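> Output the structure for:
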Amino acid sequence: MRPLHEFSRTSDVLDAINALVVESGLRGPSQRQIAAVVRISPGTLMHEYGNRSEMLRRACVQAARDHVRAWNQRWSERWYLAAPERRGPALLLPDHEQELSHERQWGAWRELARSDVAMLPGLGVALEGERRAVEWAREQLGRERDELATDALLALVTGVITRMVDTEDPWTLEHASRVLESAWR
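Sure, this is the predicted structure:
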């Protein structure tokens, strides 16, 4: 079987899977749902991309890479634009709707991964990327390397982001930033 990146409609398949994961929740999308969105037959989809589990695993790894890229881009772009007194871990927080949408999508992948071990490679990629972004942030902010503090900050940032994308009572960026900055001190 050829790798996903060799097919011209791969991005359509990945986009369809991402959208359906957000809609489907813990069930995850079926091959028929994916095929219907991409407008190809389920047989062709399976022939070109493998079974449902393999498609979801590959899509989750790609979503994780996109997630890590978003975190790194968010931090690096904001670090150089922020005034020195405004530099802090809050630069890792999503600050507009597109970034919040991305975080909601990644949250859906995390929830799906709880019920499907095929997603574990994607979770590993994302967790390692998030951790590297937090370590880089800590280094840029002049804090010494401390594994326990890095883990604590990573947990805090992901927890705050989870509250920001909460559908019932979301935190505003201002509130989330204040919480993160006060915990950072």
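
> For the longest helix anywhere in the chain, list every residue counted as buried.
Using DSSP state H to define each element, the chain has its longest helix at helix 52-81. By 16 or more other Cβ atoms under 10 Å, the buried positions in helix 52-81 come out as 52, 55-64, 66-68, 70-72, 74-75, 78. Where you see a C-beta, it was placed from the backbone N, CA and C, and this is true even at glycine.

> And for P89, the neighbour number?
22 (other Cβ atoms under 10 Å).

> residues touching it, list them.
The contact partners of P89, taken as Cβ atoms under 8 Å, 6 or more residues apart in numbering, are V134, A137, L141, L153, L156, V157, L180, E181, W184.

> Could you turn the buried ones of the residues you listed into a PyMOL selection?
Buried residues among the contacts of P89 (16+ other Cβ under 10 Å), as a PyMOL selection:
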select buried, resi 134+137+153+156+157+180+184
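
> so of the contacts of P89, which ones are in helices?
Those of the contacts of P89 mapping onto helices are V134, A137, L153, L156, V157, L180, E181, W184, per DSSP H.

> Mind putting these into JSON lines with distance to G28 and pLDDT?
Shown next, in JSON lines, are those (distance: Cβ to Cβ, whole Å; pLDDT from 0 to 100):
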{"residue": "V134", "distance to G28": "29", "pLDDT": "90"}
{"residue": "A137", "distance to G28": "32", "pLDDT": "84"}
{"residue": "L153", "distance to G28": "31", "pLDDT": "89"}
{"residue": "L156", "distance to G28": "29", "pLDDT": "92"}
{"residue": "V157", "distance to G28": "27", "pLDDT": "93"}
{"residue": "L180", "distance to G28": "32", "pLDDT": "90"}
{"residue": "E181", "distance to G28": "37", "pLDDT": "86"}
{"residue": "W184", "distance to G28": "36", "pLDDT": "77"}
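
> Cool, thanks, talk later.
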